[in-house]
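J.: A predicted structure for the sequence below; I have some questions about it.
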Amino acid sequence: MLLSFMVSAQNTNTNKFRQLGQELPTPNIYRAASGAPGHEYWQQQVDYEINLEVDDENQRILGDEVITYTNNSPDVLTYVWVQLDQNVRAKDSDTYKIQESKIDKKESLSSIKRFQGSDFDGGFKIEYVKDANDKPLLHTINKTMMRVDLPVALEPGDKYSFKIKWSYNINDRMKMGGRSGYEYFEEEDNYLYTIAQFYPRMVMYNDIYGWQHKQFLGNGEFTLCFGDYTVNITVPSDHVVASTGTLQNAGEILTKSQQEAFEKAKTAKQPVIIISQKEAEKKEKKHAKDKKTWTYFAENVRDFGFATSRKFIWDAIGVQFGDRTVMAMSYYPKEGNPLWEQYSTKAVAHTLRTYSKYTFDYPYPVAISVHAASIGMEYPMICFNFGRPEKDGTYNERTKYGMIGVIIHEVGHNYFPMIVNSDERQWTWMDEGLNSFLQYLTEQEWERGYPSRRGPAWKIVPYMSGDKSNISPIMVNSESIHQFGNNAYGKPATALNILRETVMGRELFDYAFKEYSTRWMFKHPSPADFFRTMEDASGVDLDWFWRGWFYTTDHVDIGLKEVKWFNLKGNPDEESKIARKQRGEKQYITEIRNKEVIKETITEEDPSTVDFYTNYDPLNVLNLDRKAYETYYNKLSDAEKAMLDAGYNFYEITFENIGGLVMPLIIEFEYKDGTKEVRQIPAEIWKMDPHLEVTKVFVTEKEVKQITLDPYLETADTDTGNNYYPARQSLNRFELYQQKEKNGRYNTSRENPMQRAARDKKN
């Protein structure tokens, strides 16, 4: 009975300001209560030596690798787990099996084919798994994971090396989708490869999960260890390879003029062309049969990606961080111009500078943007980005800003999760949400009025006010999220922007965010580490905010339920009339008729029956007649007389929380003389009221004309119609914006504005 009561009481505790106790793991020697790494924090290290070849004739990857695993944990390991991410495209993949499907009333033979699954022969072909002495190792493949049994237990502090040989067929990314693959250019019979998840790689082992070997189903991305990579990439000799790391054999691979241009780019004011469009177009027409091997080395990275094609144009510029020069670079086919030559590398450099300002100086030697037709994806030092103009070189506004935005976003992923290495397989928001927030700040520093997709509070309103059955809390596993983009990107980015602008203020937020970033550089933070650090470094209790925004699907809808006006002035008779008029008090029908029927009341007939409460007016603070008022006034001190003579206005405002998500109250008072004043009340005003209704009195010297709640759209209020006193009828502001977008800058047609301008000029 006692247990039953305790459970029942726990479930009925709906106080929105209760601390995040049971929801967060208990602090320990590995992860401190402050949100910092504990004094015995550890993480594994994995080093790779990889040889691979891109088979341009058959679109295959062939490779072998040596993995050296260092056990820095306090645990003895008898086996290790390896990720086989390409198996997501195997014919028997669970990803295909769990996709829902329905038969429409009208089906064609080609559409029916989708029910038979994929005929693409994807997935890793594992040729062998051996130890350092070439002895076969027992291993078991379980879909996208492989367990390798160790012949001898791996003790804490020891290392173990083993070998894997493998191959797989590269997917046509334009037809099948995916984070990596190839794009085929039929006109020249050329391929552009953007390659990732191309090698068997170690599963994360940490103090939270042990082995994080949740199967890869497509949405939840990657949880990886840091290490050093030496990768030899063999491609046709006329290909150009862009890659994670630094090129080790530039003298063998690049021409003298290319090397000179690269050196010039380090100190240039504008991006320098290393391989021109003319050179790239010349190579497109000839297909070399011989091969070259590009060797790259990357230190302390969690992953590796590369791109290769004979179509690549290449430009670069140096970005200074103290005495270090980081090379911002772009690789793109002619199909990306003129947009890419004009904007890509500049966007890369701008991202490095802006993100570093809010986090830490970019530590890697290069940052690369590669043009791909329909993808945005990130890896250490390299990312693949879309944004392709029309064939005539023109483009619309959506293409331009979409391209700049995706470059900022994907380059920004170098910070989250490539360096601040959160668990993407479990918590998508920890990299996508934080990165989308910084993307918004960076876009706004690119251009005033930049049309950012995410960040401002009001942009999340349509999502948060939607059908709750189709909305997930942020704190949900990556594979179980409804509305992936809104949940993992938009809502957390908005939450952080609200924290920065409204709840904490920029100074406290920026300090705490930078502290989190630097604490967890090259480490593996959890959500609790982020929540705790933001509070620890700012001195602001944010449990109510994390609970509401991250653990529930509540939305913000706070309204002005009632406003009462009281006035403290010297003429009680006149002020009573004004107050009644302001209140708009109405008379009952009985009162109206009694004025005609009742000729004289007792109090009117007999003055001795009149006292203080006769005709009592609660809106008249003093409730005194003129003679009594004068007697009262003469007894006051000078300070009390001054306060009375000042004629203060008292506005008693009742706020109601309809949406359930508690937020600060931002109230704008517009006075009759045209001036305005904004007052902010912390969210803690809601802490004692289980009914989510609070009342507060505001004192003003001037008489109010209009009261507006959330005047600058800071809180993501889903219904601004109840935010005004006196009430006014109007479209919600986000509805007005949607209408503007529909009819304005993003209203695209077959002919983009650049094409239309050219036609008008010609005519």
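T.: Alright, I've got the coordinates.
J.: domain assignment for this protein?
T.: 422-553, 569-646, 649-730, 731-763 (automatic domain parsing).
J.: Deepest in the core, which of the ones you listed is it.
T.: Comparing these by mean neighbour count (mean count of other C-beta atoms under 10 Å), domain 422-553 ranks first with a mean of 20. To be clear about C-beta, it is placed using only N, CA and C from the backbone, and glycine gets the same treatment.
J.: about what we covered before: got the domains of the chain as a markdown table, with mean pLDDT and distance to Ala33 columns?
T.: Below are the domains of the chain laid out as a markdown table (pLDDT from 0 to 100; distance: least, C-beta to C-beta, whole Å):
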| stretch | mean pLDDT | distance to Ala33 |
| --- | --- | --- |
| domain 422-553 | 94 | 7 |
| domain 569-646 | 65 | 48 |
| domain 649-730 | 91 | 22 |
| domain 731-763 | 63 | 39 |
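J.: other SSEs contacting the lengthiest helix in the chain?
T.: Longest helix in the chain, counting residues (DSSP state H): helix 339-358. Using 3 or more C-beta pairs under 8 Å, 6 or more residues apart in numbering; DSSP states H and E, the elements in contact with helix 339-358 are strand 313-321, strand 324-332, strand 366-371, helix 397-412, helix 429-446, helix 506-519.
J.: Okay, angle between it and helix 397-412 too, please.
T.: Angle, helix 339-358 to helix 397-412, by axes from the mean of the first three to the mean of the last three C-alpha atoms, to 10 degrees: 50 degrees.
J.: average model confidence for helix 339-358?
T.: Averaged across helix 339-358, pLDDT comes to 96.
J.: hang on, the earlier thing: out of the helices and strands packed on helix 339-358, nearest to Gln277?
T.: Gln277 lies closest, by C-beta to C-beta, to one member of the helices and strands packed on helix 339-358: strand 313-321, at 5.1 Å.
J.: And that closest one, what does it pack against?
T.: Counting by 3+ C-beta pairs under 8 Å, 6+ apart, strand 313-321 packs on helix 256-265, strand 272-275, helix 277-284, strand 324-332, helix 339-358.
J.: is it possible to export these to TSV including distance to Val697 and mean neighbour count?
T.: Formatted as TSV, these follow (distance: least, C-beta to C-beta, whole Å; neighbours: other C-beta atoms under 10 Å):
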stretch	distance to Val697	mean neighbour count
helix 256-265	64	15
strand 272-275	65	20
helix 277-284	69	16
strand 324-332	56	24
helix 339-358	40	22
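J.: Tabulate those in a markdown table, adding columns for distance to Trp546.
T.: Output for those, formatted as a markdown table (distance: least, C-beta to C-beta, whole Å):
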| stretch | distance to Trp546 |
| --- | --- |
| helix 256-265 | 44 |
| strand 272-275 | 46 |
| helix 277-284 | 50 |
| strand 324-332 | 34 |
| helix 339-358 | 20 |
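J.: hmm, back to that, I'd like the helices and strands packed on helix 339-358 laid out as CSV, including distance to Gln44.
T.: Conversion of the helices and strands packed on helix 339-358 to CSV gives the following (distance: least, C-beta to C-beta, whole Å):
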stretch, distance to Gln44
strand 313-321, 29
strand 324-332, 28
strand 366-371, 26
helix 397-412, 26
helix 429-446, 19
helix 506-519, 19
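J.: Indicate which one of these is closest to Leu254.
T.: Across the helices and strands packed on helix 339-358, Leu254 has its closest neighbour in strand 313-321 (9.9 Å, C-beta to C-beta).
J.: mind listing what's buried in the closest one?
T.: For strand 313-321, the neighbour count (16 or more other C-beta atoms under 10 Å) marks Ile313, Trp314, Asp315, Ala316, Ile317, Gly318, Val319 as buried.
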